[in-house]
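S.K.: Mind folding the following:
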Amino acid sequence: MTFPFKRALNASTLFPFALDLPQQIETAAQAGYEGIEIWMRDLEAYVAAGGSLAMLRARIADTGLTVANAIAFFAWADADAEVRARGMVQAEREMHMLAELGCAAVAAPPFGNVAGVPLESIAEAYALLAALGRRIGVEPYLEFWGRAARLSRLSEALYVALESGVTNAQLLLDPFHMYTGGSDVSGIGYLAGHAIGIVHVNDYPATPAREVITDAERVFPGEGIAPSRRLARLLYDTGSRFPLA
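M.R.: Reported below is the predicted structural model:
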């Protein structure tokens, strides 16, 4: 049986090697991946150093890779209206860069001060963000963070997606954030495959405890206690073949 999902290299796994973006792309291609998930900060560093987005896009095309997603941090759902407005300006600028590169998606986590923000308000903000992204050609994948003050659970992300009215809204799933936020993986069974944009692949150890574990303590699949086999089956049963990164 061939591997049923698209494989994208999550560039965060390369952080210890301090590679620039062209080097990350070359590494992903040489390792046999089909795509790569980049970080916006690396793309901005590349451009700041005089790099050409058109040239980088051509290089990516030569390798046969796709840019499956970008990790970015703009405060699209912040409690403060002025901060939220600046976040949307940042999102627009970064989405234009991603579109020029040929990246069709960007993560939209609950970055900023979301404590006390009603989920209905987050849904309204997500609708605006999705409309902006679709005009540009970059889909914002709604992401939940297990440690976030709001939008920390899969159920909250589903509620926001539904209440936003965004047609075919897509989520970014991450087993670590499901674990830290208390979302059981069985919840994936309620998702249609088209509602998943990309899935981060990681694991977590039994210690430190869930209440105090940090991002830095994540491990590779199979090295921890995550129900990876069950997760894989649930994802497979959605019928969709979204990228794993």
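S.K.: Return the longest helix along the chain as PDB; C-alpha atoms alone will do.
M.R.: Of all the segments assigned as helix in the chain under DSSP state H, the longest by residue count is helix 81-101. Written as PDB, here are the backbone C-alpha positions of helix 81-101 (Å, rounded to 0.1, in the frame of the first residue of the first chain):
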ATOM      1  CA  ALA A  81     -10.000  46.700  17.800                       C
ATOM      2  CA  GLU A  82      -6.900  48.700  16.800                       C
ATOM      3  CA  VAL A  83      -4.600  45.700  17.300                       C
ATOM      4  CA  ARG A  84      -7.000  43.600  15.300                       C
ATOM      5  CA  ALA A  85      -7.000  46.200  12.500                       C
ATOM      6  CA  ARG A  86      -3.200  46.200  12.400                       C
ATOM      7  CA  GLY A  87      -3.200  42.400  12.400                       C
ATOM      8  CA  MET A  88      -5.400  42.400   9.300                       C
ATOM      9  CA  VAL A  89      -3.000  44.900   7.600                       C
ATOM     10  CA  GLN A  90      -0.200  42.500   8.400                       C
ATOM     11  CA  ALA A  91      -2.200  39.500   7.200                       C
ATOM     12  CA  GLU A  92      -2.800  41.300   3.900                       C
ATOM     13  CA  ARG A  93       0.800  42.100   3.300                       C
ATOM     14  CA  GLU A  94       2.000  38.600   4.200                       C
ATOM     15  CA  MET A  95      -0.700  36.900   2.100                       C
ATOM     16  CA  HIS A  96       0.300  38.900  -0.900                       C
ATOM     17  CA  MET A  97       3.900  37.700  -0.400                       C
ATOM     18  CA  LEU A  98       2.700  34.100   0.000                       C
ATOM     19  CA  ALA A  99       0.500  34.400  -3.100                       C
ATOM     20  CA  GLU A 100       3.500  35.700  -5.100                       C
ATOM     21  CA  LEU A 101       5.500  32.700  -3.900                       C
END
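S.K.: what sits up against the helix or strand just after that helix?
M.R.: As assigned by DSSP states H and E, the chain's next helix or strand after helix 81-101 is strand 105-108. By CB atoms under 8 Å, 6 or more residues apart in numbering, the list of residues contacting strand 105-108 from outside reads 40, 68-72, 76, 91, 94-95, 98, 126, 129, 133, 138-143, 170, 172, 197-198. C-beta coordinates here come from the backbone N, C-alpha and C atoms, glycine included.
S.K.: likewise stretch 141-159?
M.R.: Contacts with stretch 141-159, where a contact means CB under 8 Å, 6+ apart, come from 69, 77, 105-110, 113-117, 119, 122-123, 126, 160-161, 169-174, 176-183, 187-188, 190-191, 197-198.
S.K.: Can you flag the buried ones in those?
M.R.: 69, 77, 105-110, 113-114, 117, 119, 122-123, 126, 160-161, 169-174, 176-181, 183, 187-188, 191, 197-198 (16 or more other CB atoms under 10 Å).
S.K.: Filter the residues you listed down to just the ones in helices.
M.R.: The helices, defined by DSSP H, take in 119, 122, 123, 126, 160, 161, 176, 177, 178, 179, 180, 181 from those.
S.K.: so which of those would you say is closest to residue 245?
M.R.: Of all these, residue 176 has the smallest distance to residue 245: 12.9 Å, by CB to CB.
S.K.: Surely that closest one and residue 220 touch.
M.R.: No: with contacts counted by CB atoms under 8 Å, residue 176 stays clear of residue 220, the gap being 11.7 Å.
S.K.: Overlap of the contact sets of the two?
M.R.: 202, 203.
S.K.: Next up, the contacts around the nearest residue to residue 199 once chain neighbours are set aside.
M.R.: Closest residue to residue 199 apart from its sequence neighbours, by CB to CB, 6 or more residues apart in numbering: residue 173 at 4.6 Å. Going by CB under 8 Å, 6+ apart, residue 173 touches 154, 188, 196, 198, 199, 200.
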